[in-house]
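Asks: model the following, please.
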Amino acid sequence: MLEVIIGMIFTFMLLSLLGTTLNELVSAWRGWRGFYLEEALKRLLEYDDKPEVFDKFMKNPLFGQMMQHKVVLRKSQAPAYLSAANFTSILTNILKKKNQAITKVEDIINGVPEDSKLRAVLEQFKEEGHTTVEAFKARMQTWFDDVMAQSSGWYKRHLQYVTFFVGLGIAIVLNADSFQIYSHLTNNAANRQKLATLAKSFANENDTLPSLTQQQPGQLTGGEIKQGVKEFVSTPEFRTASNILGLGWDRSDLFIRPAIWFQRILGWFITALAISLGAPFWFDVLKKIITIQSTGNSSGGSGGQAPVVINTVHSEVKQ
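Replies: The predicted structure is shown next:
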């Protein structure tokens, strides 16, 4: 039974890794990171109160250099990332008088409409004791970082919602029905043992989950992410697990009773929920279970069975 559990967890982890990869592809294509950064800037610059400052910010040449290319269905061309230093540089530049150096805090504050909420915020920073230009800019950077932390939370909550539907798509395309996977592992001892051995090997050889590239996710291009997806589904772990479990579609899969269709659809939803928990969750669970099992085997004396080593899996991925 423990081998079945390990096989299920390892399968969910691999599918979750694929889900993470596809999430980054969708996120980059739709420009969601930039969209939430733009929403954070609207909150920072009090767009709903007085949009003039926000509009000037978006038209600033430095900000324009960071804008993303226009792509079909992209929600925002705003950059995926903006540093606190660049934010402060752009904001002070659009608030100060043209061709005039900033020598005092008022040179920044006076560029904001007098009756605006943004001016009230900047005046509050001054009243806190940030009366020198350097101290004032440092306070602006802290302000920016605090709001960006909230923006990151908005993005993550949105991505959790998207992850479920990405997971459901993966489950349908691969026909990854949780009930069928469980039944296959329960009734096929050889494949169950192969998958458990593969899972243990993966857990022992990796201290952390593999990542797409060395770059930050928001900096990946669409081509790089597509290549990451291609490389991931070609990895020995994914190909072997997919082959062992028989993931994919046959003509016979289409001609089944309505009751079996209902069970399959429910199985897809369970798989999607499992994927939405994320690969790190399943990787941690896998590591803990294998550690517990190894500890139990070590303390069990010579009565335990010797581990089975699978050298090569010759099967091909089911088309």
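Asks: can you map out the helices along the protein?
Replies: Taking DSSP state H as the criterion, the chain carries its helices at 2-30, 32-44, 52-58, 61-66, 84-95, 106-109, 117-127, 133-173, 178-187, 189-205, 222-233, 236-245, 258-276, 279-299.
Asks: chain center to the third one: distance?
Replies: Which is helix 52-58. Distance, stretch centre to chain centre, for helix 52-58: 30 Å (CA atoms, centre = their mean, to the nearest Å).
Asks: for it, name the packing helices and strands.
Replies: When contacts are defined as 3 or more CB pairs under 8 Å, 6 or more residues apart in numbering; DSSP states H and E, helix 52-58 sits against helix 32-44, helix 84-95. No exception for glycine: its C-beta is placed from N, CA and C like everyone else's.
Asks: out of the ones you listed, deepest packed?
Replies: helix 32-44 (a mean of 21; mean count of other CB atoms under 10 Å).
Asks: from the chain's centroid, how far away is stretch 242-252?
Replies: 27 Å.
Asks: swap in stretch 14-24?
Replies: Taking CA atoms, centre = their mean, one finds stretch 14-24 lying 8 Å from the centre of the chain it belongs to.
Asks: who's in contact with it?
Replies: 159, 162-163, 166-167, 169-171, 174, 176, 209-210, 212, 217, 220, 225, 228-229, 232-233, 237-238, 241, 271, 274-279, 281-282 (CB atoms under 8 Å, 6 or more residues apart in numbering).
Asks: filter those residues down to the buried ones.
Replies: Neighbour-count burial (16 or more other CB atoms under 10 Å) applied to the contacts of stretch 14-24 gives 159, 162-163, 166-167, 170-171, 174, 176, 209, 212, 217, 220, 225, 228, 232, 237-238, 241, 271, 274-279, 282.
Asks: can you tell me how far Ser89 sits from Tyr182?
Replies: To Tyr182, Ser89 is 56 Å away according to CB to CB, to the nearest Å.
Asks: rebuild the helices of the chain as JSON lines, extending it with distance to Gln77 and mean pLDDT.
Replies: Formatted as JSON lines, the helices of the chain follow (distance: least, CB to CB, whole Å; pLDDT from 0 to 100):
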{"stretch": "helix 2-30", "distance to Gln77": "12", "mean pLDDT": "86"}
{"stretch": "helix 32-44", "distance to Gln77": "7", "mean pLDDT": "90"}
{"stretch": "helix 52-58", "distance to Gln77": "10", "mean pLDDT": "94"}
{"stretch": "helix 61-66", "distance to Gln77": "10", "mean pLDDT": "92"}
{"stretch": "helix 84-95", "distance to Gln77": "16", "mean pLDDT": "94"}
{"stretch": "helix 106-109", "distance to Gln77": "27", "mean pLDDT": "93"}
{"stretch": "helix 117-127", "distance to Gln77": "23", "mean pLDDT": "94"}
{"stretch": "helix 133-173", "distance to Gln77": "16", "mean pLDDT": "90"}
{"stretch": "helix 178-187", "distance to Gln77": "40", "mean pLDDT": "91"}
{"stretch": "helix 189-205", "distance to Gln77": "39", "mean pLDDT": "89"}
{"stretch": "helix 222-233", "distance to Gln77": "14", "mean pLDDT": "68"}
{"stretch": "helix 236-245", "distance to Gln77": "34", "mean pLDDT": "84"}
{"stretch": "helix 258-276", "distance to Gln77": "29", "mean pLDDT": "93"}
{"stretch": "helix 279-299", "distance to Gln77": "30", "mean pLDDT": "82"}
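Asks: would CSV of those with distance to Leu73 be doable?
Replies: Shown next, in CSV, are the helices of the chain (distance: least, CB to CB, whole Å):
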stretch, distance to Leu73
helix 2-30, 7
helix 32-44, 11
helix 52-58, 20
helix 61-66, 21
helix 84-95, 27
helix 106-109, 38
helix 117-127, 32
helix 133-173, 14
helix 178-187, 32
helix 189-205, 36
helix 222-233, 12
helix 236-245, 29
helix 258-276, 23
helix 279-299, 27
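Asks: out of the ones you listed, nearest to Arg251?
Replies: helix 258-276 (15.0 Å; CB to CB).
Asks: CA atoms of that closest one as CSV?
Replies: Only the C-alpha atoms of helix 258-276 are listed here, as CSV (Å, rounded to 0.1, in the frame of the first residue of the first chain):
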residue,chain,number,x,y,z
PRO,A,258,-21.9,7.0,-19.0
ALA,A,259,-21.2,5.9,-15.5
ILE,A,260,-17.5,5.4,-16.3
TRP,A,261,-17.4,8.8,-18.0
PHE,A,262,-18.8,10.4,-14.8
GLN,A,263,-16.1,8.6,-12.8
ARG,A,264,-13.4,9.7,-15.2
ILE,A,265,-14.5,13.4,-15.1
LEU,A,266,-14.5,13.3,-11.3
GLY,A,267,-11.0,11.7,-11.5
TRP,A,268,-9.8,14.6,-13.7
PHE,A,269,-11.2,17.1,-11.2
ILE,A,270,-9.3,15.4,-8.3
THR,A,271,-6.1,15.4,-10.3
ALA,A,272,-6.6,19.2,-11.0
LEU,A,273,-7.1,19.8,-7.3
ALA,A,274,-3.9,17.9,-6.6
ILE,A,275,-2.0,19.9,-9.2
SER,A,276,-3.3,23.1,-7.7
